[in-house]
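Student: Below: sequence and its predicted model.
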Amino acid sequence: MGKKAREIVGIDLKDLIKDLNKAYCDEWLAYYAWWYMSQTVDGKGYEDMGEFLGKIAKDELEHATELADRIVKLGGLPVNNLNDLEKNANNPYPGVMKNLHDYDTIIKLVTAAEAGAIEVYNKIAKKTFGKDHATYQLVTHIMEEEIGHEETFENLKEK
């Protein structure tokens, strides 16, 4: 990021990069959890549940990619050691499923993780609003998708 852009942003870039890196780690953990469950889900209607999880996993990977790009543009480096993902995340790994046909637990786990992501992006949006327009636009875009993910799984819970 150039001198004028840093001047306009007017916020602590190291702190912002740290927040974005934590969200980046969250996205990788969610990606892997949803992808894993999409591959191993079992039971009645497993194709539909697997499809939902697989689609959301792809979105989470896209979010990680977008965050990595923004972190680099701000002069930082995304976390690059897989062993450091959970340690640097806002939230722990979403969970290890032992019963992959327990859809209630899957839905509860996914909606809780998505709600946590919404909180993270809302916090970053408030921090960047009116200051770092590019980061604000990115995190509100991601937050909108996370809201959609949460709603999708809440709707499944109601059925």
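Tutor: Received, thanks.
Student: Now for residue 137, how many residues are close by?
Tutor: 13 (other Cβ atoms under 10 Å). (Each C-beta comes from the backbone N, C-alpha and C, glycine too.)
Student: Point me to the helix or strand that includes it.
Tutor: According to DSSP states H and E, residue 137 maps onto helix 133-158.
Student: State the pLDDT value of residue 1.
Tutor: On the pLDDT scale, residue 1 is placed at 61.
Student: ditto for the one 3 residues further on
Tutor: pLDDT recorded at residue 4 is 63.
Student: Same question for the one 5 residues further on.
Tutor: Residue 9 is assigned a pLDDT of 66 by the prediction.
Student: mind listing what the residue nearest the centre of the chain touches?
Tutor: Using Cα atoms, centre = their mean, the residue of the chain that lies closest to the mean C-alpha position is residue 27, 3.5 Å off. Residues near residue 27 by Cβ atoms under 8 Å, 6 or more residues apart in numbering: 60-61, 63-64, 67, 117.
Student: And the helices in the protein, which stretches?
Tutor: For the chain, helices defined by DSSP state H occupy the ranges 3-9, 13-40, 46-73, 85-88, 103-128, 133-158.
Student: Can I get those in CSV including distance to residue 97?
Tutor: Formatted as CSV, the helices of the chain follow (distance: least, Cβ to Cβ, whole Å):
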stretch, distance to residue 97
helix 3-9, 41
helix 13-40, 6
helix 46-73, 11
helix 85-88, 17
helix 103-128, 7
helix 133-158, 14
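Student: who wins for proximity to residue 95 among those helices?
Tutor: helix 103-128 (4.9 Å; Cβ to Cβ).
Student: Could I get the buried residue list for that closest one?
Tutor: Residues 103, 106-107, 109-111, 113-114, 116-118, 120-121, 124-125, 127-128 are the ones in helix 103-128 that count as buried (16 or more other Cβ atoms under 10 Å).
Student: Which secondary structure elements does it sit against?
Tutor: helix 13-40, helix 46-73, helix 133-158 (3 or more Cβ pairs under 8 Å, 6 or more residues apart in numbering; DSSP states H and E).
Student: Report the angle between the shortest one and helix 103-128.
Tutor: Right, the one you point to is helix 133-158. 160 degrees (axes from the mean of the first three to the mean of the last three Cα atoms, to 10 degrees).
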